[in-house]
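> 3D, please:
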Amino acid sequence: MTDSSVGAGIDPEDSKIITLARSARARNGVAEGAAVRDETGRTYVAGTVELDSLKLSALQTAVAMAVASGARSLEAAAVVSTADAPADADRAAVRDLGGPATPVLLAGPDGTLRSTTPAGA
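Below you'll find the model as predicted:
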């Protein structure tokens, strides 16, 4: 587990996806924001989707956006949430596209990195 704040002691590209996830959460006024980075360095940003007929976490939505845009793999994923750990379903979605070693970064609403967990863990 890694503890640090955005920009302090973490890879700049990981800091970027945490910042993007945090922005999505704030901009859309949703419970979670997420961002993923694909194998080419492109990023996909999303918030929680809660419709009567469709419910997706922010991270599931970001992974779906990456797949729909032609991504073949993921380098990293980030979710900004008040949760204590990434949800199993979120890690599974990241694992499906990125593989079990893909890091899932969990940050609090203030952008503080609270943990880094492999998608396969």
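> quick check, pLDDT for the nearest residue to Ala24 once chain neighbours are set aside.
Distances taken as CB to CB, 6 or more residues apart in numbering place Gly33 nearest to Ala24, at 3.6 Å, with adjacent residues excluded. Any C-beta I mention is one placed from the backbone N, CA and C, and that applies to glycine too. Here the pLDDT value assigned to Gly33 is 97.
> and if you look at Gly9?
76.
> in the helix or strand where Val67 lies, which residues are buried?
Element membership for Val67 (DSSP states H and E) is helix 58-68. For helix 58-68, a neighbour-count test (16 or more other CB atoms under 10 Å) marks 58-67 as buried.
> what secondary structure does the spatially most central residue of the chain sit in?
In the chain, the C-alpha nearest the mean C-alpha coordinate belongs to Ala78, at 2.6 Å (CA atoms, centre = their mean). Look at Ala78: counting by DSSP: H, G, I helix; E, B strand; the rest coil, its state is strand.
> tell me what it is bridged to.
Ala35, Leu105 (DSSP bridges).
> how near is it to Asp88?
According to CB to CB, to the nearest Å, Ala78 and Asp88 sit 17 Å apart.
> for Arg42, same thing?
Distance from Arg42 to Asp88, by CB to CB: 26 Å.
> cool, Pro109 as well?
21 Å.
> the more surrounded of these two?
Taking other CB atoms under 10 Å, Pro109 and Asp88 do not tie; Pro109 has more neighbours (14 against 8).
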